[in-house]
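1. Sequence and computational prediction follow.
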Amino acid sequence: MNITEKILARASGKTEVEPGEIVEASVDVAMVHDLTGPLTVKEFRKIGVGKVWDNQRIVIIFDHLVPANSVRSAELHKFMREFAKEQNITNFYDIGRGGICHQVLPEKGHVRPGELVVGTDSHTCTHGAFGAFATGIGATDMSAVFATGKLWFKVPSSIKVNVTGKFQNFVTPKDLILNIIGKIRADGSTYKGLEFSGPTVRNISIDGRMTMCNIAVEMGAKNGIIAPDEATLKYVKSRTKVPFKPVKSDPDATYEKTVNVDVTDMEPQVACPSSVDNVKPISEIGEVEVNQAFLGSCTNGRLEDLRIAAKILDGKKVKDGVRMVIIPASQEIYMQALRENLFETFLNAGAMVSNPTCGPCLGIHLGILAPGEVCISSSNRNFIGRMGSPKASVYLGSPATVAASAVTGRITDPRSMEA
Amino acid sequence: MISGKALKFGDNVDTDVIIPGKYLVLTLNPDELAKHAMEGLDPNFAEKAKGGVILVARKNFGCGSSREEAPWALKHAGVKCVLAESFARIFYRNATNIGLPVLECPGVSEKVEEGDELVVDLKAGRVENRSKNIVLQATKLPDFILEILDDGGLIEHLKREMKSK
């Protein structure tokens, strides 16, 4: 069996499962955030069981509307705080205590190799970076999990992505995953698992692996996953004392197909409007002027992302007429960035730094675009209206591309900024 | 049997156009969400859907976010059923869970025009285009999904199951 099959087999009490089989699996960790939690609770109440199945396995993280930007948002927060208190859910990360859910969940030790994680957010697939089976579900599915701790899954067939080669300077795991989605396309992995492997993946940091698994859902995938190794175990063990059993794919595991990618000659990649699979090498996109540069989100708001941006912005200025919004993904990252003086570089460059939150990525809160405006963003979606006006355009690129573009005012190859 | 006029859409209709993020704070009020359904693609959608319609789309309908507000908005706007070449998986589950039937129906985007009168037999997986006098075969739903839909969604289904245990 491959790693995804092994985890689903273990979670459903079976010794073996095969693609297409429907299993009822026990959930190890169930996460909701401030925007999807309220509907989950509303549906949970209808089931009428009173108490949640396990208050220790539920995690609530506020990130989408942080801090509350309207009375309605504040009401949703209040509603969730009351629920957490009522059910004695202590894994609750309120404003100022956490940050973006997909960063906070592993940071606080809730993601462990070999476990089954569900979250009411499509980018829950991020946690496959730790060798867990992690997938996004809706509010009603989650209300059933809150009540019973179980959920049905169709065991997916898996696609293996084998990555080789050495990255050029300023070419990043984000460029790699954009390149992969350009190949697999937006629906190329629908209902399927995506397993990233190969020597290059082994050399990618935890931050970079999270970026890769985060975008699995943009290919329709049920999960993205990377087998745990020394780096994974070191990270997880520094975050939790809870025991876990890592699993890996067997040498004779089966896959629907294998996609090979060599990063050696890879340029920075950009996903053009308005589909994440509309990917081009940066040399082919021509002259695109930008109004906003956004660095942040569950895809690319991590320390490594802030560091590479600081390297590019050091001693430079964000171009007049361009605004740069930088949002660290968590309080922990915020603190570390502060210690490393990264904010000094950003502020000197004329960028603004906000508190950890989802921000412009979903067009509710902070950094919304006007009609006709263009944003280069390190986030994961460029759909029509995603960041505000349906007449605005969003281009997706790496943190390095975002920083380089902020300086020149047009989408720019970060390799051209090399000192 | 479900019947209604077809409203047509293309490939990769994402949840951000089905219900834009800025309306998600209306999450607990599906009728309010419904006023903004499909706003990103057709500002007059809510008006057109009133009284009941069947959506017909190409591939990967409902891709993107896990927001269950997407099927809720469609259902409360008057959508009785969605037929597409294929669906994104979270949307597929969400729609089923709230009692909005969705069927994968190969060829539907070519054999149906906007405004055609459709009749859908969920159990048989049969889609009849009365305006064109043709019948299409959709992928049949597994029995446990039909049961969830029969019960009106996952919550009612779960309640019934818990009672019988």
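-> Received it, and whenever you're ready, just let me know what you need.
2. number of nearby residues for the closest residue to B:Ser86 other than its chain neighbours?
-> Distance criterion Cβ to Cβ, 6 or more residues apart in numbering or on different chains; nearest residue to B:Ser86, sequence neighbours excluded, is B:Lys59 at 4.6 Å. Any C-beta I mention is one placed from the backbone N, CA and C, and that applies to glycine too. A count of nearby residues for B:Lys59, using other Cβ atoms under 10 Å in any protein chain shown, gives 21.
3. ok, the closest residue to A:Glu256 other than its chain neighbours - how many residues close by?
-> Spatial nearest neighbour of A:Glu256, chain neighbours left out: A:Ser157 (4.3 Å); criterion: Cβ to Cβ, 6+ apart. Using other Cβ under 10 Å, A:Ser157 has 20 neighbouring residues.
4. Okay, now the unreliable bits of chain B?
-> Along chain B, no part satisfies pLDDT under 70.
5. Tell me the spacing between the spatially most central residue of it and A:Ala30.
-> The residue lying closest to the centre of chain B (Cα atoms, centre = their mean) is B:Val82, at 3.3 Å. Between B:Val82 and A:Ala30 the distance is 27 Å, computed by Cβ to Cβ, to the nearest Å.
6. repeat for A:Val23
-> Distance from A:Val23 to A:Ala30, by Cβ to Cβ: 17 Å.
7. These two: which is more packed in?
-> Shown here are A:Val23 and A:Ala30; by other Cβ under 10 Å, A:Ala30 has more neighbours (27 against 17).
8. other SSEs contacting the helix or strand encompassing the more buried one?
-> If you go by DSSP states H and E, A:Ala30 is part of strand A:29-33. The contact analysis (3 or more Cβ pairs under 8 Å, 6 or more residues apart in numbering or on different chains; DSSP states H and E) places strand A:29-33 against strand A:58-61, helix A:101-107, strand A:116-119, helix A:139-148.
9. Dump these to a markdown table, plus mean neighbour count and mean pLDDT.
-> Output for the helices and strands packed on strand A:29-33, formatted as a markdown table (neighbours: other Cβ atoms under 10 Å in any protein chain shown; pLDDT from 0 to 100):
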| stretch | mean neighbour count | mean pLDDT |
| --- | --- | --- |
| strand A:58-61 | 26 | 98 |
| helix A:101-107 | 26 | 98 |
| strand A:116-119 | 26 | 98 |
| helix A:139-148 | 26 | 98 |
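10. now those in a markdown table, with distance to chain B?
-> Compiled in a markdown table, the helices and strands packed on strand A:29-33 are given as follows (distance: least, Cβ to the nearest Cβ, whole Å):
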| stretch | distance to chain B |
| --- | --- |
| strand A:58-61 | 15 |
| helix A:101-107 | 12 |
| strand A:116-119 | 8 |
| helix A:139-148 | 4 |
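11. Can you name the residues of the stretch 301-419 of chain A sitting close to chain B?
-> Residues of the stretch 301-419 of chain A lying close to chain B by Cβ under 8 Å from any Cβ of the partner chain are A:Leu362, A:Gly363, A:Ile364, A:Arg381, A:Phe383, A:Ile384, A:Gly385, A:Arg386, A:Gly388, A:Pro390.
12. what residues are up against the fourth one?
-> With Cβ atoms under 8 Å, 6 or more residues apart in numbering or on different chains as the criterion, the residues that contact A:Arg381 are A:Glu218, A:Val276, A:Cys361, A:Leu362, A:Val394, A:Leu396, B:Asp14, B:Asp16, B:Gly64, B:Ser65.
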